[in-house]
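Engineer: with the input below, show me the fold.
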Amino acid sequence: MMVAARFGAFVFDLDGTLVRLPVDWDAVRARLKALFETDSAFVPLFESLKEHLALEPGKRTLAFGVVDEAEAKAAAACEPVGGALELVKKLGAKSSVGLVTMQGRRAVDRIAEDHGLVHAFAARATREDSLDRAEQLGLVLQKMSATAAGTLFVGDRANDAVAGRKAGVRVAIIGKKVTGEAAPDYAFGTILELAQFLGA
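Structural biologist: Reported below is the predicted structural model:
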């Protein structure tokens, strides 16, 4: 039996896991610092943005607009990670596949259209839905009627592993070595290694 059959659903992070989106994050941070009139480094960016918006919710539209503009420019040059999109499509043929991302809907729609992913995901959550990755996972699981215990979440950062644990899903991290409390259930050097592990 394929390892993939152990899981009833799969959820993927987007940037860094499935695609590489060449956003000028330094420029985004500079504009956000000016918008919020702060010396904050905005690192990690979206967690910091969440904190600033909690204090100044009226700036949400402007702040998201700053990021949307940068992502729109980058989306045209977006490059798929080798083997990633093929894996999503193969898994989607037999299982529910979801997407969680801190990117905005505008960029996600463009990437999906450009790379044949419009119908690839049974559910997705973007930053407009939540700036909390664990909450995003919960939203996607609910939309897919999937159990946390039967879901594998695939990301590329330590905070993905932390959020996955919080959401109760199994976690696979691609590319980066993550240790300590954030250590994932599975770690792979590339998405192709994950595909081989899953038998997909």
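
Engineer: drop to CA atoms for contacts and neighbour counts, all remaining ones
Structural biologist: Fine.

Engineer: how many neighbours does the residue nearest to Phe42 when sequence neighbours are not counted have?
Structural biologist: Of all residues beyond its chain neighbours, the one nearest Phe42 is Ser48 (5.1 Å), with distances taken as C-alpha to C-alpha, 6 or more residues apart in numbering. The burial count assigned to Ser48 is 15, neighbours taken as other C-alpha atoms under 10 Å.

Engineer: Pro57 now?
Structural biologist: Burial of Pro57 is recorded as 12 neighbouring residues (other C-alpha under 10 Å).

Engineer: so what's it up against?
Structural biologist: Residues in contact with Pro57, defined by C-alpha atoms under 8 Å, 6 or more residues apart in numbering, are absent; none qualify.

Engineer: next secondary structure element downstream of the longest helix seen in the chain?
Structural biologist: Ranked by residue count, the top helix of the chain under DSSP state H comes out as helix 60-75. Using DSSP states H and E, the next helix or strand after helix 60-75 towards the C-terminus is strand 79-80.

Engineer: what sits up against that following strand?
Structural biologist: Taking C-alpha under 8 Å, 6+ apart as the criterion, the residues outside strand 79-80 that touch it are Leu18, Val19, Arg20, Leu21.

Engineer: show me what secondary structure element comes after that strand.
Structural biologist: Next along the chain after strand 79-80, taking DSSP H and E as the criterion, comes helix 84-92.

Engineer: that next one: which residues count as buried?
Structural biologist: By neighbour count, with 16 or more other C-alpha atoms under 10 Å as the criterion, the buried positions of helix 84-92 are Ala84, Leu85, Glu86, Leu87, Val88, Lys89, Leu91, Gly92.

Engineer: pLDDT of it, averaged?
Structural biologist: Computed over helix 84-92, the mean pLDDT rounds to 96.
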